[in-house]
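S.K.: Starting from these lines, generate the structure:
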Amino acid sequence: MIVNIIIYLAIGALVGWLAGRIMKTKTGIIGNILVGVIGGVIGGQLLGGLFSFLGTFGGFVTSVIGAILLLFVIKLIKK
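M.R.: As a prediction, this is how the structure comes out:
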């Protein structure tokens, strides 16, 4: 149980970091985790099973796309 949570947060941090690099933003480790986890939810809701044929990697791609969308919206709001 606790190991799954740690893995989930680590993947969220990786997704958030990657999205931050693509969008050229710096959010820190906590921000990366939040962006990655929330981005995963957004990507899952918007894209559904679009990349499901890729298996686990498809879920990762979906999460990164969701995180990029989240950072894009945050940038728009900050302007």
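
S.K.: Name all residues that make contact with the spatially most central residue of the chain.
M.R.: By CA atoms, centre = their mean, the mean C-alpha position of the chain lies nearest to G36, the distance being 3.0 Å. When contacts are counted by CB atoms under 8 Å, 6 or more residues apart in numbering, G36 touches I11, G12, A13, L14, V15, G16, W17, A19, S63, A67. All C-beta atoms are positioned from the backbone trio N, CA, C, and that covers glycine.

S.K.: let's see 10 Å
M.R.: 8-20, 27, 63-64, 66-67, 70 (CB atoms under 10 Å, 6 or more residues apart in numbering).

S.K.: What's the PyMOL line that selects buried ones from these?
M.R.: What follows is the PyMOL syntax for the buried subset of these, where burial is set by 16 or more other CB atoms under 10 Å:
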select buried, resi 11+12+13+14+15+16+17+18+19+20+27+63+64+66+67+70
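
S.K.: ok, now how distant is the closest residue to N32 other than its chain neighbours from G49?
M.R.: With CB to CB, 6 or more residues apart in numbering as the criterion, N32 has its nearest non-adjacent residue at 3.2 Å, and that residue is G16. Using CB to CB, to the nearest Å, we find G16 at a distance of 23 Å from G49.
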